[in-house]
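**Q** Predicted model, plus sequence, below.
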Amino acid sequence: MACVPFFRKLDGYSRIARKSLWILSSRNVSHNQGQGETTNHQHNGDSIKTDQYEEEDHEMKQRILRAALAFVPQHGWSRKTLAAGAEMEGLPPVAHGMFPRGGAELVHYLYTRSNRQLADALAAEVEELYTQGAEKPQTRPFIAKAVQSRLRMLLPYIEHWPQAMAIQALPQNATESWSNLATLTDDIWYHVGDRSTDFNWYTKRASLAVVYKATEIFMIQDRSEDFTDTWGFLDRRLNNIAVFSKSVKSMEQLSSVMSEGFLGMFIVGRNILGLNSRHR
């Protein structure tokens, strides 16, 4: 790793020290509240400083997480990866302690960042279509392309993505993970032009969530060139579900695809345990 300039590293240390000292001083100030106007002014100033340090803290965390992604292929979604990211930003390795949930926070960072990148790309694509005079995107091709684009964002981390999926499935992370998935599917449907307000709003997004997760599971075991088998699997899943229909049959087909998703989970589990050598 390239040497970090001395003053950059010193600044990292000083920020951590300032933050620690500020937490202690804030506690002392709050303990002595009620001592008149001077204390009130001090408290207001303290609030401004607290906001400032919180903003700096957030920015520092974002820098570490962004840098840490480069080390995922070597160390997986681990505290060692976070420590390497901290060192890259000129901070001591112990700065990984800023992330009490460890690798889960790095997975969350990648997931939300990828969601934003996809949403921006979809918005630009739709804007371009409108500029060319089109009324709205063609639903099925647009969704298929969006899902494939989003899954391709995982390819730099594909060898360790099963670990990320396991982290997301932990009870303490499940709510956050489902929220991220819901945001992803809602963004795709929104940009394709869906403005439904009835029960179809839920069935469309739930159906797409199942398709996405089933394809994600298939992808981590795919060994075909450029993941062509995965994209074929995606097309078949989209063909098997009536997410593009407003008929009541969509719930029946949703149930069918969910069953296939559970089958995919079983296949992956079997492969991880070494009970299937088809791709070896």
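**A** Received it, and whenever you're ready, just let me know what you need.
**Q** Helices of this structure, start to end?
**A** Along the chain, counting by DSSP state H, helices occupy 6-31, 37-68, 72-75, 79-88, 103-131, 139-152, 161-169, 171-192, 200-219, 228-239, 249-272.
**Q** ranking those by mean pLDDT, which is last?
**A** Mean pLDDT across the helices of the chain is lowest at helix 6-31; the value there is a mean of 40.
**Q** Setting the sequence-adjacent residues aside, check what's closest to residue 77.
**A** Leaving aside its sequence neighbours, residue 77 sits nearest to residue 103 (C-beta to C-beta, 6 or more residues apart in numbering; 3.4 Å). For every residue, glycine as well, the C-beta is placed using N, CA and C.
**Q** wait, what's in contact with the one you found?
**A** Contact analysis of residue 103 by C-beta atoms under 8 Å, 6 or more residues apart in numbering lists 76-79, 81-82, 163-164, 167.
**Q** hmm, try it at 6 Å
**A** 77-78, 167 (C-beta atoms under 6 Å, 6 or more residues apart in numbering).
**Q** could I get these as a markdown table with neighbour count and distance to residue 66?
**A** Listed next are the contacts of residue 103 as a markdown table, based on neighbours: other C-beta atoms under 10 Å; distance: C-beta to C-beta, whole Å:
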| residue | neighbour count | distance to residue 66 |
| --- | --- | --- |
| 77 | 24 | 15 |
| 78 | 19 | 17 |
| 167 | 21 | 19 |
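**Q** List just the nearest of those residues to residue 157.
**A** Each of the contacts of residue 103 was scored against residue 157 by C-beta to C-beta, and residue 77 proved nearest at 8.4 Å.
**Q** Tell me both backbone torsions, phi and psi, for the closest one.
**A** With angles defined as degrees, to the nearest 10, residue 77 sits at phi -90, psi 80.
**Q** just residue 99 next, same as before
**A** Per degrees, to the nearest 10, the backbone of residue 99 is at phi -120, psi 90.
**Q** Surely it is in contact with residue 105?
**A** Yes - taking contacts as C-beta atoms under 6 Å, residue 99 lies within contact range of residue 105: 4.5 Å.
**Q** Give me the phi and psi angles of residue 133.
**A** Dihedral angles (degrees, to the nearest 10) for residue 133: phi 100, psi 0.
**Q** what does residue 198 give?
**A** Backbone geometry at residue 198, expressed as degrees, to the nearest 10, gives phi -100, psi -160.
**Q** Residue 79 reaches residue 96, doesn't it?
**A** Yes - applying C-beta under 6 Å as the test, residue 79 and residue 96 come out as touching, 4.9 Å apart.
**Q** How about the contacts made by residue 108?
**A** Counting by C-beta under 6 Å, 6+ apart, residue 108 has no contacts.
**Q** Apply 10 Å and report the result again.
**A** Contacts for residue 108 (C-beta atoms under 10 Å, 6 or more residues apart in numbering) come out as 65, 99, 101, 164, 167-168, 173, 176-177, 179-180.
**Q** any idea which of those has the most stuff around it?
**A** Most neighbours among the contacts of residue 108, by other C-beta atoms under 10 Å: residue 164, with 24 neighbours.
**Q** Name the nearest residue to that one, ignoring sequence neighbours.
**A** In this structure, residue 164 finds its nearest non-sequential neighbour in residue 107, 4.7 Å apart by C-beta to C-beta, 6+ apart.
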